[in-house]
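Novice: Structure here, sequence nowhere to be found:
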């Protein structure tokens, strides 16, 4: 498989606890000699990038209704990056779009979830 989602609706309600767990996930990859084979992307309802304001829209690039680990096969990532020009800019464009949208625009989309911006 190239990608697998591990969704944990009843674990790690606190983002700090989830973030601490990511060290265990990385250690498991190391123990299983899977560093360079698999990559873990992480998502959480209260995801927050270090050094960013709590209400910054950039956090929504990594928010999901439940704590989620997305296991990706690195060879597939390499293929996707080779096929898409300027793949590194995708992340930056996503953040720029979310910041332009803002909390009001997000709410106007009608997305009802646990990852809504603060009122």
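Specialist: Noted; the coordinates are in hand. These numbers were taken from a predicted model, which means no experiment stands behind them. Residues are numbered from 1 along each chain as shown.
Novice: longest single helix anywhere in this structure?
Specialist: Longest helix of the chain, by residue count under DSSP state H: helix 89-108.
Novice: Once you drop chain neighbours, what's closest to the most centrally placed residue in the chain?
Specialist: Geometric centre of the chain, nearest residue: residue 62, 3.0 Å, by CA atoms, centre = their mean. Closest residue to residue 62 apart from its sequence neighbours, by CB to CB, 6 or more residues apart in numbering: residue 47 at 4.1 Å. Quick note: C-beta positions are derived from backbone N, CA and C, even for glycine.
Novice: Let me see the confidence value for that neighbour.
Specialist: What the model reports for residue 47 is a pLDDT of 95.
Novice: okay, now it: neighbour count?
Specialist: Residue neighbour count, defined by other CB atoms under 10 Å, stands at 20 for residue 47.
Novice: distance of it from residue 31?
Specialist: 26 Å (CB to CB, to the nearest Å).
Novice: cool, residue 96 as well?
Specialist: For residue 96, the distance to residue 31 - CB to CB - is 38 Å.
Novice: and if you look at residue 56?
Specialist: When residue 56 is compared with residue 31 (using CB to CB), they lie 35 Å apart.
Novice: Give me the more crowded residue out of these two.
Specialist: residue 56 (15 against 9).
Novice: isn't there a helix covering the residue nearest to residue 62?
Specialist: No. Membership of residue 47 in a helix is not supported by DSSP: H, G, I helix; E, B strand; the rest coil, which gives coil.
Novice: Residue 81: what's it in contact with?
Specialist: 87-88 (CB atoms under 8 Å, 6 or more residues apart in numbering).
Novice: Which parts of this structure are helices?
Specialist: 15-31, 74-83, 89-108.
Novice: Which one of those helices lies nearest to residue 40?
Specialist: Nearest of the helices of the chain to residue 40, taken as CB to CB: helix 15-31 at 5.1 Å.
Novice: And that closest one, what does it pack against?
Specialist: strand 38-43 (3 or more CB pairs under 8 Å, 6 or more residues apart in numbering; DSSP states H and E).
Novice: again, 10 Å this time
Specialist: Helix 15-31 sits against strand 38-43, strand 68-73, with contacts defined as 3 or more CB pairs under 10 Å, 6 or more residues apart in numbering; DSSP states H and E.
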